[in-house]
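*Asks:* Provide a 3D model corresponding to the input given below.
(chains A and B)
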Amino acid sequence: MTTDDQHIIQLFLSGEDEQKAFRLLVSKYSERLYWHIRKIVICHEDADDVLQNTFIKVWRGIREFRRESRLYTWMYRVATNEALNFLQEKRRAVHGYSEETSGMLENQLEGDAYFCGDDIQRELQKAVLKLPERQRLVFNMKYFDDMKYEKIAEILDVAVGTLKATYHAAVKKVEESLRLSDTIIM
Amino acid sequence: MNEMTDKYEQKNPFSVPEGYFDSLEDRIMIRLRKEERSRRARLLRTFKPFMGWAALVAVVVLVMITVLPARNEGIAETQLDADFNPTTEEILEYLAGEVDLAVLSNEILGR
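*Replies:* Sure, this is the predicted structure:
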């Protein structure tokens, strides 16, 4: 845990200025959590909602936060769970069980006003969206966020070996999808 | 994978509305305050039907706290009296100070 995080938690636990401690937390983590969430839910408005819900959960849970994990790891976990639950709820509310989450997200990607990538980037995103949930998470964190396996393992609570296998399987699938869509020159 | 990384060099194809991150902190704090207010209101709504009963229980507890110790003190004094077991000499000594022994002995003997 970094010194800053310890300072923030101390501020919280002392009860002196919880709002100030929370503001520090938001200021430090909101942007990276936003991008983590955004890659899961795709749509900006949804990412904004999920991010705010994440911080509300963090506010309510931080007093019981067990220091055996890092604050950063714990917040990533909260954000991941919030994003995945949000997708499940949204799919159920909008489509019942008739559509796969990947199909719903592909449609969102097509209509996303805040997607600034080119066609090739769009194809890559679509290929990633076809991955099973766990593989997609691992791919996003490793490929897009350049996170170390050890850190991802801590967040997702899985062994590093399992993660490596998951990532390689995801890469193969993405490459295969891109080859099929004929947008990658192998 | 290297070919893929080269080709998709621009890693983050998503963007956000202008100024989004500048106002994010304030919006989260506003949302937090709103949530806390509505949470307190929800709690109040949940417990409102039981508030009359809670007040009654509070009154009963208050009465028990204030009245029972007073009664217990009385019991304690009574217990202290019951434990008091003076000898005949002590009684006579006490009475000597209070009454005339000659009159008392005449009363006892029925004279």
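
*Asks:* what stretches of the chain score poorly on pLDDT?
*Replies:* I'll assume chain A. A:1-3, A:66, A:68, A:95-99, A:182-186 (pLDDT under 70).

*Asks:* wait, chain B
*Replies:* Ranges of chain B meeting pLDDT under 70: B:1-10, B:70-83, B:98-105, B:107-111.

*Asks:* Minimum distance to chain A, which residue of it gives it?
*Replies:* Of all residues in chain B, B:Pro13 sits closest to chain A, at 2.5 Å by C-beta to the nearest C-beta. Using the backbone N, CA and C atoms, a C-beta is placed for each residue, glycine as well.

*Asks:* any idea where the helices of chain A begin and end?
*Replies:* Assigned by DSSP state H, the helices in chain A fall at A:3-14, A:18-41, A:44-61, A:71-95, A:101-111, A:119-129, A:133-139, A:149-156, A:160-180.

*Asks:* Next, the angle helix A:71-95 makes with the third one.
*Replies:* Counting by axes from the mean of the first three to the mean of the last three C-alpha atoms, to 10 degrees, helix A:44-61 points 130 degrees away from the direction of helix A:71-95.

*Asks:* again, but for the last one
*Replies:* Orientation note: helix A:160-180 sits at an angle of 40 degrees relative to helix A:71-95 (the same axes, to 10 degrees).

*Asks:* What of the first one?
*Replies:* Helix A:3-14 runs at 80 degrees relative to helix A:71-95, counting by the same axes, to 10 degrees.

*Asks:* Quick check: the residue of chain B closest to chain A vs A:Asp118, distance?
*Replies:* Counting by C-beta to C-beta, to the nearest Å, the gap from B:Pro13 to A:Asp118 is 8 Å.

*Asks:* Between the two, tell me which one has more neighbours.
*Replies:* B:Pro13 (19 against 12; other C-beta atoms under 10 Å in any protein chain shown).

*Asks:* What residues does chain A have near chain B?
*Replies:* Contacts of chain A with chain B, taken as C-beta under 8 Å from any C-beta of the partner chain, map to A:19, A:22-23, A:26-27, A:30-31, A:34-35, A:38-39, A:44, A:48, A:51-52, A:55-56, A:59, A:112, A:114-118, A:120-122, A:124-125, A:143-144, A:171, A:174-175, A:178, A:184-186.

*Asks:* What residue in chain A comes nearest to chain B?
*Replies:* Closest point on chain A to chain B, by C-beta to the nearest C-beta, is A:Gly117, at 2.5 Å.

*Asks:* need the contact list for the closest residue in space to that residue that isn't next to it in sequence.
*Replies:* Nearest residue to A:Gly117 in three dimensions, chain neighbours excluded: B:Pro13, at 2.5 Å (C-beta to C-beta, 6 or more residues apart in numbering or on different chains). The contact partners of B:Pro13, by C-beta atoms under 8 Å, 6 or more residues apart in numbering or on different chains, come to A:Phe115, A:Cys116, A:Gly117, A:Asp118, A:Gln121, A:Arg122, A:Leu124, A:Gln125.
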